[in-house]
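> Pasting a predicted model and its sequence here:
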Amino acid sequence: MADSDNTTTLSFVTRRRVLAAGMITSTALVVEKNAFAESPAAPSMPPDPALALRREWQTAHKLTNRLCRRQQRLETRLVECVGFPCVDVRLPEGEELTVYSIEALDQVLGNGPDTAALREKAETELAAHQARWDAAAEKTGYIAALRAEREAGERATDLLEAFSTTPATTLAGVAGKLDALLREGEAGEECSEFPWPQIRSALSDLVRISEGFGADRVRRRRIRRDQAETLRHPDNRPVKITVELPGAVHRDLVAYAELLGRETGQIVADPAKLIVPMLTRFMTTDRAFARARRTLKAG
């Protein structure tokens, strides 16, 4: 049968099974967001070819997944309306069997003269059922959907194979390769068979490392921005002051820092460092202060 897994290539059947199992959460995108698409030390560095390939593969992969779902919906309707091409055969011994292909008929009835009439009748009925299936499949668009799914799947497979000859130049590119491998090859999410746990672990390591580098890069940018601001406006140079806090206020500040650390996952070692951003926030959100300040500047 044209739609049967028995006459479909193994790679295509496997791809359909993997797609039906669901999508694996992409972690390479996390690495990209943490600024590893380009090296911090070399902003003019050419784009990573592995990242470009991964984006192209991801588009083809999503298209294959979408077309697979559409083809399955159409196939379900066909089964409900026409049924898979088959024929019921009553053997000379009285047993009844449902056969789905000519090859199966040959195995069940053989080629002996004693079953020739029975085999000819079964072949005719099977061919008629197959013709009804083919006509309905063409009319409903199932044939076109199946062809589109095959073409998209083959395109995604070709792009996946290209990863082996496309060197990555960034951590994001390496993560993209591993992510694509997991999406296409893993039999199911959280599969425990070798080598999928090891690949997931390596991918998690890349994400963790990239998050650290991403945070460092943000801090460096903030420092450079503050330094540039200070050079443009000398009055903005930091001024060191000493402030005495009431005990109750200090305890609240420490408690606030502890709760903030739990919420963000980043420990606030020195609660006093929260005073500046808290004061800044307080003044920038005070509308009365903002209006009065604008008035003074205008005068």
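Perfect, I can see it now. Residues are numbered from 1 along each chain as shown.

> which one is Trp57 nearest to, not counting chain neighbours?
Spatial nearest neighbour of Trp57, excluding adjacent residues (CB to CB, 6 or more residues apart in numbering): Leu159 at 4.0 Å. Where C-beta positions appear, they are placed from N, C-alpha and C, glycine not excepted.

> Next up, identify which helix or strand that neighbour is on.
Using DSSP states H and E, Leu159 maps to helix 142-162.

> likewise Glu120?
Counting by DSSP H and E, Glu120 is part of helix 116-140.

> circling back to that earlier point, what is the subsequent helix or strand relative to the helix holding Leu159?
In N-to-C order, the element after helix 142-162 by DSSP H and E is helix 171-185.

> Now the helix or strand harbouring Gly261: buried residues?
Here Gly261 sits within helix 247-264, counting by DSSP H and E. By neighbour count on 16 or more other CB atoms under 10 Å, the buried set for helix 247-264 is 253, 257.

> ok, residues contacting that helix?
Helix 247-264 has contacts (CB atoms under 8 Å, 6 or more residues apart in numbering) with 245, 267-268, 271-272, 274-275.

> if we go to 6 Å?
Residues from elsewhere that reach helix 247-264 (CB atoms under 6 Å, 6 or more residues apart in numbering): 267-268, 271, 274.

> now do stretch 197-206
Counting by CB under 6 Å, 6+ apart, 27, 171, 175, 178, 182 sit against stretch 197-206.

> Low-confidence regions, the stretch 51-200 of the chain specifically.
186-190 (pLDDT under 70).

> again, only this time at 80
The stretch 51-200 of the chain contains residues with pLDDT under 80 at 92, 185-192, 194, 196.

> still on that earlier bit, what are the buried residues along the helix holding Glu120?
Those buried within helix 116-140 under the rule 16+ other CB under 10 Å are 118-119, 122-123, 125-126, 129-130, 133-134, 136-137, 140.

> now swap in stretch 67-78 and tell me
Result for stretch 67-78 [16+ other CB under 10 Å]: buried residues 67-68, 70-71, 74-75, 78.

> likewise stretch 176-196?
Quick answer for stretch 176-196 (16+ other CB under 10 Å): 176-184, 186, 191, 196.

> isn't Arg54 right up against Gly176?
Yes. Under the criterion of CB atoms under 6 Å, Arg54 makes contact with Gly176 at 3.5 Å.

> show me what contacts Trp133?
82, 85.

> gap between it and Val79?
For Trp133, the distance to Val79 (CB to CB, to the nearest Å) stands at 9 Å.

> Strands along the stretch 1-150 of the chain, start to end?
In the stretch 1-150 of the chain, the segments counted as strands under DSSP state E, counting those that start in this stretch are 87-90, 96-99.

> Make JSON lines out of those strands and add mean neighbour count and distance to Asp252.
What follows is the strands of the stretch 1-150 of the chain, written out as JSON lines (neighbours: other CB atoms under 10 Å; distance: least, CB to CB, whole Å):
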{"stretch": "strand 87-90", "mean neighbour count": "16", "distance to Asp252": "81"}
{"stretch": "strand 96-99", "mean neighbour count": "14", "distance to Asp252": "77"}
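
> and the helix holding Gly261, how far from the chain's centre?
Relative to its chain's centre, helix 247-264 lies at 38 Å (CA atoms, centre = their mean, to the nearest Å).

> Now the element after it, going C-ward?
Counting by DSSP H and E, what follows helix 247-264 is helix 275-284.

> so for whichever helix or strand comes after that next one, what's the average pLDDT?
Next in sequence after helix 275-284, counting helices and strands by DSSP H and E, comes helix 287-298. Averaged over helix 287-298, pLDDT sits at 82.

> Name the residues that touch helix 287-298?
By CB under 6 Å, 6+ apart, helix 287-298 touches no other residue.

> The buried residues of stretch 67-78 in helices, which ones?
67-68, 70-71, 74-75, 78 (DSSP state H).

> Put together TSV for those, with distance to Ala288 on each row.
Formatted as TSV, these follow (distance: CB to CB, whole Å):
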residue	distance to Ala288
Leu67	60
Cys68	60
Arg70	59
Gln71	64
Leu74	65
Glu75	67
Leu78	71
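
> follow-up on the earlier one: what's the closest of the buried residues of helix 116-140 to Leu97?
Of all those, Leu97 sits closest to Ala122, with 9.9 Å by CB to CB.
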